[in-house]
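Student: mind folding the following:
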Amino acid sequence: MKQYIIKGGHPLVGEVEIGGAKNAALAILAAAIMTDETVHIDNIPDVNDINVMLDAIAGIGGHVRRIDRHTVEISGNRINNVSIEYDYIKKIRASYYLLGALLGKYKHAEVALPGGCNIGSRPIDQHLKGFRALGADVDIEHGKIIAEADRLSGKHIYFDGVSVGATINVMMAATMADGITIMENVAKEPHVVDVANFLNRMGANIRGAGTDVIKIRGVQRLHSAEYSVIPDQIEAGTFMFAAAATRGDVTVLNVIPKHLEATIAKLAEIGCEIEEFDDAVRVVSKGGLGSTHVKTLPYPGFPTDMQPQIGVTLALCSGTSTITETIFENRFKYLDELARMGANIKVEGNSAVIEGVKKLSAARVSALDLRAGAALCIAGLATDGFTIVDDIVYIQRGYERFEEKLQSIGGIIEQVETERDIQKFKLKVS
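Tutor: Have a look, this model is predicted:
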């Protein structure tokens with residue numbers, strides 16, 4: 001079993017470059033099969049989720065060529081199967097984006113019901129509502145979503161709740177529907193905008209992405225394009241909170257500061273010094289950080305994917321902080337692991353009350369999901385002693401070269417697999 005072992009107690013200092021946004025890249029890769037021509041995509045993060053998505057595309061006959069770690073060419077001209085098997089879906093939930101892509105292009109798609117991180121209920125009812133509104137017959141049989149239509153027709157669709165996945169999935173299907181589709185109460189996240197921009201680069205006619213209303217005029221075909229994925233705001237925020245928790249000084253490079261406004265605001269509230277540049281943000285934490293109150297909300301609110309990272313930071317801030325989680329009901333599971341490190345936290349329903357402590361103690365903890373795992377690594381870096389984080393496969397699903405990037409800014413962390421590896425690490429750094 002792969003683990004991280006961390007020797008904490010050292011401030012993180014230096015510069016770290018942020019990769020492409022995983023959540024944008026997954027949807028863009030799915031959308032790339034909607035043309036028979038070759039699409040060139042770069043700034044793709046080299047993480048497990050991306051590799052699974054590329055395998056899924058190749059598995060249905062799509063042409064996939066890896067040019068380098070961060071660049072790929074895709075063509076849908078050889079697709080011979082519209083059924084995505086459970087082996088792919090159980091590994092990454094985002095494989096369901098192939099449902100909208102295949103339905104839009106072929107008017108038929110079969111995709112296994114999704115898996116992914118166990119952070120709470122993530123129903124797909126709004127996806128299905130959107131597909132049905134466009135004229136598809138949608139059924140769930142033998143663990144698969146089966147959607148098909150003779151033709152798709154543009155409609156006015158009002159989503160009952162804001163859903164990033166449904167917004168992107170239905171937008172893809174509507175791109176090749178007849179007529180005009182108007183989608184209201186849609187998600188406004190940066191990766192929704194990125195997918196819309198990518199589709200437009202291929203010849204789609206999508207307006208309003210990033211607002212409450214998206215208007216799509218269907219087109220008959222899409223064509224080749226070159227595109228670069230936006231930087232990953234969650235990876236950037238993770239390193240920013242790592243700087244805060246370890247009382248460090250870190251500049252994150254290759255970012256869009258506008259996408260980080262909610263994260264920057266909370267870091268400033270607790271007492272960090274922030275410098276913004278055109279494509280970089282510097283976080284300086286000199287100690288004496290204070291409490292704040294956090295409520296997760298759809299963009300531009302504070303992102304749920306940053307909640308564990310700020311939770312760890314607040315556990316080391318003076319005073320009483322509260323976190324209210326409005327997106328995923330199981331997002332607080334990491335707090336039990338953090339409590340094993342000495343954090344003083346009480347959870348009541350969808351809120352957590354955190355009494356800051358001066359320091360945490362090293363312990364063996366488990367990465368229960370992607371963001372929780374990254375947060376526990378931050379906790380390990382911020383405390384004296386040796387922390388071991390188990391089940392790091394979750395972390396590697398969404399962070400490229402995580403330990404290497406931390407090492408580059410002074411983190412003492414290493415991937416290990418055996419007890420002997422652990423002992424060698426301890427001897428090396430003692």
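
Student: only C-alpha atoms from now on, for both contacts and neighbour counts.
Tutor: Noted.

Student: and residue 340, what's its pLDDT?
Tutor: For residue 340, the pLDDT comes out at 96.

Student: which residues touch it?
Tutor: Residue 340 sits next to 363, 365 when contact means CA atoms under 8 Å, 6 or more residues apart in numbering.

Student: also residue 379?
Tutor: Shown in contact with residue 379 (CA under 8 Å, 6+ apart): 245, 312-313, 338, 360.

Student: name the element it belongs to?
Tutor: Using DSSP states H and E, residue 379 falls within helix 370-381.

Student: want to throw the contacts of residue 379 into CSV with secondary structure, distance to residue 332 and neighbour count?
Tutor: What follows is these, written out as CSV (DSSP: H, G, I helix; E, B strand; the rest coil; distance: CA to CA, whole Å; neighbours: other CA atoms under 10 Å):
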residue, secondary structure, distance to residue 332, neighbour count
245, helix, 19, 27
312, helix, 11, 28
313, helix, 14, 24
338, helix, 10, 26
360, coil, 18, 23
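
Student: any idea which of those residues is the one closest to residue 320?
Tutor: Of all these, residue 320 sits closest to residue 313, with 12.3 Å by CA to CA.

Student: disregarding residues adjacent in the polypeptide, which is nearest to the closest one?
Tutor: Spatial nearest neighbour of residue 313, chain neighbours left out: residue 245 (4.9 Å); criterion: CA to CA, 6 or more residues apart in numbering.

Student: from what I can see that neighbour touches residue 380, true?
Tutor: No. Look at residue 245 against residue 380 with CA atoms under 8 Å: they stay out of range, at 10.0 Å.

Student: elements contacting the helix or strand containing residue 241?
Tutor: Assigned by DSSP H and E, residue 241 belongs to helix 233-245. Helices and strands touching helix 233-245, by 3 or more CA pairs under 8 Å, 6 or more residues apart in numbering; DSSP states H and E, are strand 249-253, helix 261-269, strand 280-284, helix 307-314, helix 370-381.

Student: pLDDT weak spots in the stretch 51-200 of the chain?
Tutor: Along the stretch 51-200 of the chain, the model assigns pLDDT under 70 to residues 86, 89-91, 114-122.

Student: ok, which stretches of it are helices?
Tutor: Along the stretch 51-200 of the chain, counting by DSSP state H, counting those that start in this stretch, helices occupy 86-89, 97-106, 125-133, 164-175, 190-201.

Student: so for residue 306, which of those helices sits nearest?
Tutor: helix 190-201 (14.8 Å).

Student: export that closest one to PDB, keeping only CA atoms.
Tutor: In PDB, the C-alpha atoms belonging to helix 190-201 read as follows (Å, rounded to 0.1, in the frame of the first residue of the first chain):
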ATOM      1  CA  PRO A 190     -14.500  28.400 -14.100                       C
ATOM      2  CA  HIS A 191     -14.300  24.900 -15.600                       C
ATOM      3  CA  VAL A 192     -17.900  25.300 -16.900                       C
ATOM      4  CA  VAL A 193     -16.600  28.300 -18.800                       C
ATOM      5  CA  ASP A 194     -13.500  26.400 -19.900                       C
ATOM      6  CA  VAL A 195     -15.600  23.600 -21.400                       C
ATOM      7  CA  ALA A 196     -17.900  26.100 -23.200                       C
ATOM      8  CA  ASN A 197     -14.800  27.900 -24.600                       C
ATOM      9  CA  PHE A 198     -13.400  24.600 -25.800                       C
ATOM     10  CA  LEU A 199     -16.700  23.600 -27.500                       C
ATOM     11  CA  ASN A 200     -16.900  27.100 -29.100                       C
ATOM     12  CA  ARG A 201     -13.300  26.600 -30.400                       C
END
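
Student: packing partners of the helix or strand just after it?
Tutor: Remark: after helix 190-201, the chain's next helix or strand is strand 206-207, criterion DSSP H and E. With contacts taken as 3+ CA pairs under 8 Å, 6+ apart, strand 206-207 sits against helix 190-201, strand 213-217.

Student: same list (these) but as a markdown table, adding distance to residue 225.
Tutor: Listed next are these as a markdown table, based on distance: least, CA to CA, whole Å:
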| stretch | distance to residue 225 |
| --- | --- |
| helix 190-201 | 6 |
| strand 213-217 | 19 |
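
Student: could you tell me how far the helix holding residue 241 lies from the centre of the chain?
Tutor: From the chain centre to the centre of helix 233-245 is a distance of 14 Å (CA atoms, centre = their mean, to the nearest Å).

Student: what angle separates it from helix 370-381?
Tutor: 20 degrees (axes from the mean of the first three to the mean of the last three CA atoms, to 10 degrees).

Student: ok, and what's touching helix 233-245?
Tutor: Helix 233-245 is contacted from outside by 11-13, 18-19, 21, 248-252, 255-256, 259-260, 263, 267, 272, 282-285, 305-306, 309-310, 312-313, 316, 374-375, 378-379, 381-382, 399, using CA under 8 Å, 6+ apart.

Student: send me the helix or strand following the helix holding residue 379 as PDB with only the CA atoms.
Tutor: Under the assignment DSSP H and E, the closest C-terminal helix or strand after helix 370-381 is strand 386-390. Output of strand 386-390 as PDB, limited to C-alpha atoms (Å, rounded to 0.1, in the frame of the first residue of the first chain):
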ATOM      1  CA  PHE A 386       6.500  11.900  11.700                       C
ATOM      2  CA  THR A 387       3.000  11.700  10.100                       C
ATOM      3  CA  ILE A 388       2.000   8.800   7.900                       C
ATOM      4  CA  VAL A 389      -0.800   9.200   5.500                       C
ATOM      5  CA  ASP A 390      -2.400   6.000   4.200                       C
END
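
Student: show me what strand 386-390 pairs with in its sheet, parallel or antiparallel.
Tutor: Here strand 386-390 is paired, per DSSP bridges, with strand 3-7 (antiparallel), strand 364-366 (parallel).

Student: tell me which of those sits most buried.
Tutor: strand 3-7 (a mean of 23; mean count of other CA atoms under 10 Å).

Student: got the phi/psi numbers for residue 340?
Tutor: Here is the backbone geometry of residue 340 (degrees, to the nearest 10): phi -70, psi -20.

Student: residue 349 is in contact with residue 324, correct?
Tutor: No. Residue 324 is beyond contact range of residue 349, at 9.0 Å (criterion: CA under 8 Å).

Student: those two: which is more packed in?
Tutor: Between residue 324 and residue 349, residue 324 has the larger neighbour count (other CA atoms under 10 Å), namely 20 against 10.

Student: contacting residues around residue 164?
Tutor: 186-189, 192.

Student: quick one, which of those residues are buried?
Tutor: Among the contacts of residue 164, the ones that count as buried by 16 or more other CA atoms under 10 Å are 186-189, 192.

Student: reformat those as TSV; add distance to residue 198.
Tutor: Formatted as TSV, those follow (distance: CA to CA, whole Å):
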residue	distance to residue 198
186	18
187	17
188	16
189	15
192	10
